[in-house]
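A.B. asks: for reference, the sequence and a predicted model appear below.
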Amino acid sequence: MSVECFVTGGTGFIGQHLLAYLSAKGHTIRVLMRRPERLAALREQVDKLGGVATRVFAVAGDLEHDNLGLSLADREVLRQSRVVFHLGAHFAWGLSLEHSRAVNVEGAQRVALLAVEQKSRLVMTGGYMLKNHEHLQRIGIDPRHPELTNWRAVYRRVGAYEGSKLEAHFATLQLMSAKGGEMTVVHPATVCGHSRTGHILDGQPLVELIRNLVQGRLTAVPGTPDHWLPLVTVDYLVELMAACAFDPAMAGQELLALDDQSPSLRELMVQVTRPIGLKSPKHHIPLRLLKVLLSIPPVARFLNSSTEALDFIQTTRFDTTAAEQFANRHGLAKPDMRQSLQHTAVFVHSHCMTRGNIR
């Protein structure tokens, strides 16, 4: 059955794959776009990714504007949307608190209000760090009482991007509860490229890691042999998101989209260097020392990294039982992560080594 959907963040990496997947399944998608004149380019990309471009339409708007900057006519059209997928966010290290809140927190609340108004299911992307309760407690968030959080202190500890994503999650949950809206949250791990093609967009954390390895900037493995970077392939992620959106049992639920077969960080580097003929680093550098080094601006620029990125390197393991059971119920097969990493590395080496050559 064809369903009308509204998507924010549809021009981003996950968003493009979600548009392709939904349109290939016969759904009609309207995408919030600050520059709707770029619809033709987006449709071309949707076709390349296996979707049906003619089922994708642009809606002019902006997460930073009241009512998302939507015209009255577009608001009326969007009333037909059964599901609102909120992927829109500004991802970058070193954001200001004010800008990150305006886009990532207040923008999420505006999307939530629209979903409530038109009685749509809101499917929102959170982040796997929200499932690391020890980390949340350490940075000053009690998940049982998020209203007591000193958010400015959290932003200072983890940076504006991650702080704003954490605040957006709890603020939107509170808003939807107060308004009686229907919401599902999917918490993605760091996103790997497509499991078969390796397709990934420049600017993704995994692309930066591969680029640093190729350019000889990353000569030691951050952390210890127990540290890992939790991953999920983009195609498996969008399958999980779509299944959540149309599963009545997932209303009011959260799902952790994380592949527990993600290798250690050292093994990850082995997998991405092998197919492009590079040697992987063998020695480790303590995260504490690396944070000190990255606090020195010239070093941070040379290493092309930020202290904000280091919090995502984990020793914590996550319980993925619920996600595995959900995937099995919907017949979703988890791709082989090592093969996916190798395909991603080949794609990055072929397409993404010149910054900005992928839009």
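C.D. replies: Arrived safely.

A.B. asks: near Val154, how many other residues are there?
C.D. replies: By the measure other CB atoms under 10 Å, the count of residues near Val154 is 19. The C-beta positions use only the backbone N, C-alpha and C, and glycine is treated the same way.

A.B. asks: export stretch 162-170 as CSV, just CAs?
C.D. replies: Coordinates of each C-alpha in stretch 162-170 appear next as CSV, following Å, rounded to 0.1, in the frame of the first residue of the first chain:
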residue,chain,number,x,y,z
GLU,A,162,26.4,15.9,20.5
GLY,A,163,24.9,18.1,23.2
SER,A,164,22.2,19.4,20.9
LYS,A,165,21.4,15.9,19.7
LEU,A,166,21.0,14.7,23.3
GLU,A,167,18.9,17.7,24.3
ALA,A,168,16.8,17.3,21.1
HIS,A,169,15.9,13.7,22.0
PHE,A,170,14.7,14.5,25.5
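
A.B. asks: which residues make contact with it from outside it?
C.D. replies: Outside stretch 162-170, the residues within contact range by CB atoms under 8 Å, 6 or more residues apart in numbering are 89, 95, 97, 100-101, 103-105, 107-109, 124, 126-127, 129-130, 136, 141, 143, 146, 149, 151, 154-155, 157-158, 185, 308, 311.

A.B. asks: stretch 333-353 too?
C.D. replies: 192-202, 206-207, 210-211, 214, 231, 233, 235-236, 259, 261-263, 268, 271-276, 327, 357-358.

A.B. asks: out of those residues, which end up buried?
C.D. replies: Neighbour counting by 16 or more other CB atoms under 10 Å classes 192-195, 197-202, 206-207, 210-211, 214, 231, 233, 235-236, 259, 262-263, 268, 271-273, 275-276, 327, 358 among the contacts of stretch 333-353 as buried.

A.B. asks: average model confidence for the helix or strand where Arg301 lies?
C.D. replies: If you go by DSSP states H and E, Arg301 is part of helix 297-303. Mean per-residue pLDDT for helix 297-303: 83.

A.B. asks: quick one: buried residues of that helix?
C.D. replies: 300, 303.

A.B. asks: what helices or strands is the next helix or strand after it leaning on?
C.D. replies: Stepping forward along the backbone from helix 297-303, the first helix or strand reached (DSSP H and E) is helix 307-310. Packing contacts for helix 307-310, counted by 3 or more CB pairs under 8 Å, 6 or more residues apart in numbering; DSSP states H and E, involve helix 287-294.

A.B. asks: which outside residues touch the helix it packs on?
C.D. replies: The contact list for helix 287-294, computed with CB under 8 Å, 6+ apart, reads 222-223, 227, 299-300, 303, 305-307, 310, 313.

A.B. asks: let me know the pLDDT of the residue nearest the centre of the chain.
C.D. replies: Centroid-nearest residue in the chain: Pro188, 5.9 Å away (criterion: CA atoms, centre = their mean). Predicted confidence (pLDDT) for Pro188: 97.

A.B. asks: wait, what's in contact with it?
C.D. replies: 14, 125-128, 232, 237, 257-258.

A.B. asks: out of those residues, list just those in helices.
C.D. replies: Using DSSP state H, the members of these that fall in helices are 14, 237.

A.B. asks: I'd like to know which of the contacts of Pro188 are buried.
C.D. replies: Applying 16+ other CB under 10 Å to those flags 14, 125-128, 232, 237, 257-258 as buried.

A.B. asks: without its sequence neighbours, what residue ends up closest to Ala300?
C.D. replies: Excluding the flanking residues, the one nearest Ala300 by CB to CB, 6 or more residues apart in numbering is Leu294, at 4.8 Å.

A.B. asks: neighbours of that neighbour, how many?
C.D. replies: Neighbouring residues of Leu294 were enumerated by other CB under 10 Å; the total is 18.

A.B. asks: and the helices in the stretch 151-300 of the chain?
C.D. replies: Ranges of helices in the stretch 151-300 of the chain, per DSSP state H, counting those that start in this stretch, are 151-158, 160-179, 205-214, 234-245, 265-273, 287-294, 297-303.

A.B. asks: give me the residues contacting the shortest one.
C.D. replies: To tie it back to what came earlier, the one meant is helix 297-303. Here helix 297-303 has contacts from 212, 217-218, 293-294, 306-307, using CB under 8 Å, 6+ apart.

A.B. asks: and the buried ones among those, selectable in PyMOL?
C.D. replies: To isolate the buried members of the contacts of helix 297-303 in PyMOL, using 16+ other CB under 10 Å:
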select buried, resi 218+294+306+307
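
A.B. asks: closest one of the contacts of helix 297-303 to Val3?
C.D. replies: Closest approach to Val3 among those (CB to CB): Ser306, at 39.3 Å.
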